[in-house]
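A.B. asks: sequence-free structure coming up:
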C-alpha cells in the first residue's frame, strides 16, 4: 500500500507546478503506469480519489494510462516472449526491459492560468 | 491570459512534464549515494518477505566479515519493535532500528535521516535491512550500490513469478534456509528457472545461516562489489569537505576544503552501462538498464 505515498508525491509536485505558473485551478492530470512500475493502477486511482480532496487537484480527474511490460534483446531487438527466460534465443544476450515498462510518470497537467 | 482578443479570460494550458513521480525520492537517493561512494562505504539494500531470513543472514555475515577485517553496520526497518537491530547488535553489528509505523517500505529520506546519528562512515559494508515485504520496497531507490533480495526455500518455487518487480530489481538473490531442503518438497531447479524468467542476469547464491553454506560465495560477491569501490578496508579517504550543493544536515567540516561533485554517481557500480553481458557481481541502482 505504498500508493498513498506515491499520490502524496504526485499532488505535492502538481501543487508546486501550479504555484510556479500562478494557476487558478488544475483541470486534469495524466499519468503513465508501467506494468513493472510496482504500482497497482486501481489502488492508485482509489488513493488519488481519497487524497485529492482539499488540494488543488480536488476537481481534477486522473487519466491513468497503463503500459504493458515487454522485453527485447538489446543486440538484435528480438522481442522476448512473455514469461520466457529473459535471454535472447538468438544471441543469448540478457534481455532488456522496453521503455515505459516500468514507467511511473506524470505526463501532463491541464491547468487554468490567468 | 487570452491572447486572441485580450478579453482577460483565463486560459486552459496543457503542461507537459513527463517526469517520474518518484523524482523527489530519486534526488534524495542520489544524495545518499554520493555520501556512501565518497566515504568508500558499500551500501546494500536488503529486501525480502517477512521471515525470509534477512536478519539471520546478516548475523551469519558478521562472523565471515570479521575474518576479512571488515566493519559492518546496519539500519533495520520494521513497522514496530527494534528486535532486529538488537539481534544484529548482539551479533556484533552496530545497528539502529528504523521504526516505520504504518509505512510498508523505506524511502531515501527515511534512510537519510537514520544516517544522521549513526556512525555509518566507519563501516566498510553498510546494510539497509528493508521492511519485510516483497512488493513496496522494490521501487524506492535508497542510494544503495546494489539490491539483495533474500528468498527462503520455504516460500515456494513460484515467488519470483508472483513478485516479478522485486526480483527484477535484484542484483543478487540469496536463497536462504537451504539446510531445510531435505525436509521439503521444493524443487530448486524450478526456483532457479522462475528467477531466470524475471531477472535478465540471474545471480543466485544458495546459503544457510545455520550451517554456513554459501557464506563464502556471498562474502566473495561483497568483495567484488567492494573492489568496485576501489577503496580497500582501512584506506578510506577522510570525509572532510564542504558540500557545494544544498544540504540540510550537518557534517564535521574540518578543513573547509571545497569538493566538487564532478564524478558520476555511478561509482561503485561495476559493469554499469557498458552493454556487456558477462555475469560478474553487478551493482546497480533502480531504474538501471544495460
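C.D. replies: Ah, there it is. None of these values were measured; they are calculated from a predicted model.

A.B. asks: C-alpha only now, for contacts and for neighbours.
C.D. replies: Fine.

A.B. asks: where does residue B:30 fall, secondary structure wise?
C.D. replies: Secondary structure from DSSP states H and E places residue B:30 in helix B:23-38.

A.B. asks: who are the packing partners of the longest helix belonging to chain A?
C.D. replies: Determined from DSSP state H, the single longest helix within chain A is helix A:3-20. Counting contacts by 3 or more CA pairs under 8 Å, 6 or more residues apart in numbering or on different chains; DSSP states H and E, helix A:3-20 is packed against helix A:41-51, strand A:104-113.

A.B. asks: rerun that using 10 Å as the cut-off
C.D. replies: Packing partners of helix A:3-20 (3 or more CA pairs under 10 Å, 6 or more residues apart in numbering or on different chains; DSSP states H and E): strand A:25-34, helix A:41-51, strand A:104-113, strand B:11-20, helix B:23-38.

A.B. asks: angle of that helix against strand A:104-113?
C.D. replies: Calculated by axes from the mean of the first three to the mean of the last three CA atoms, to 10 degrees, helix A:3-20 forms an angle of 40 degrees with strand A:104-113.

A.B. asks: one step back: next, format the helices and strands packed on helix A:3-20 as a markdown table and append mean neighbour count.
C.D. replies: A markdown table is the format used below for the helices and strands packed on helix A:3-20 (neighbours: other CA atoms under 10 Å in any protein chain shown):
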| stretch | mean neighbour count |
| --- | --- |
| strand A:25-34 | 21 |
| helix A:41-51 | 17 |
| strand A:104-113 | 22 |
| strand B:11-20 | 15 |
| helix B:23-38 | 20 |
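
A.B. asks: closest to residue B:130 out of those?
C.D. replies: Closest of the helices and strands packed on helix A:3-20 to residue B:130 is helix B:23-38, at 14.6 Å (criterion: CA to CA).

A.B. asks: what packs against the helix or strand following the closest one?
C.D. replies: Next helix or strand after helix B:23-38 toward the C-terminus (DSSP H and E): strand B:42-48. Counting contacts by 3+ CA pairs under 10 Å, 6+ apart, strand B:42-48 packs against helix B:23-38, helix B:54-68, strand B:72-78, strand B:125-129, strand B:146-152, helix B:164-168, strand B:172-176, helix B:215-229.

A.B. asks: avg pLDDT for strand B:42-48?
C.D. replies: For strand B:42-48, mean pLDDT rounds to 97.

A.B. asks: that one: how far from the chain's middle?
C.D. replies: Centroid separation between strand B:42-48 and its chain, computed with CA atoms, centre = their mean, to the nearest Å, is 3 Å.

A.B. asks: just the angle for that strand relative to strand B:172-176, thanks.
C.D. replies: Going by the same axes, to 10 degrees, strand B:42-48 makes 50 degrees with strand B:172-176.

A.B. asks: now strand B:42-48 against helix B:54-68, angle please.
C.D. replies: Using the same axes, to 10 degrees, strand B:42-48 lies at 150 degrees relative to helix B:54-68.

A.B. asks: chain A contacts on the stretch 51-200 of chain B?
C.D. replies: Contact residues, the stretch 51-200 of chain B versus chain A (CA under 10 Å from any CA of the partner chain): B:102-105, B:135-140, B:161, B:163-166, B:168-169, B:193-200.

A.B. asks: among those residues, which ones are buried?
C.D. replies: Neighbour counting by 16 or more other CA atoms under 10 Å in any protein chain shown classes B:103-105, B:135-140, B:161, B:163-166, B:168-169, B:193-200 among these as buried.

A.B. asks: show me what the residue nearest the centre of chain B bridges to in the sheet.
C.D. replies: For chain B, residue B:45 is the residue whose C-alpha lies nearest the centre (CA atoms, centre = their mean; 2.0 Å). Counting by DSSP bridges, residue B:45 forms beta bridges with residue B:128, residue B:147.

A.B. asks: make a markdown table out of the helices and strands packed on helix A:3-20 and add mean pLDDT.
C.D. replies: Converted to a markdown table, these look like this (pLDDT from 0 to 100):
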| stretch | mean pLDDT |
| --- | --- |
| strand A:25-34 | 97 |
| helix A:41-51 | 94 |
| strand A:104-113 | 96 |
| strand B:11-20 | 94 |
| helix B:23-38 | 96 |
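
A.B. asks: distance to residue B:184 added to those, as TSV?
C.D. replies: Output for those, formatted as TSV (distance: least, CA to CA, whole Å):
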stretch	distance to residue B:184
strand A:25-34	36
helix A:41-51	36
strand A:104-113	39
strand B:11-20	43
helix B:23-38	40
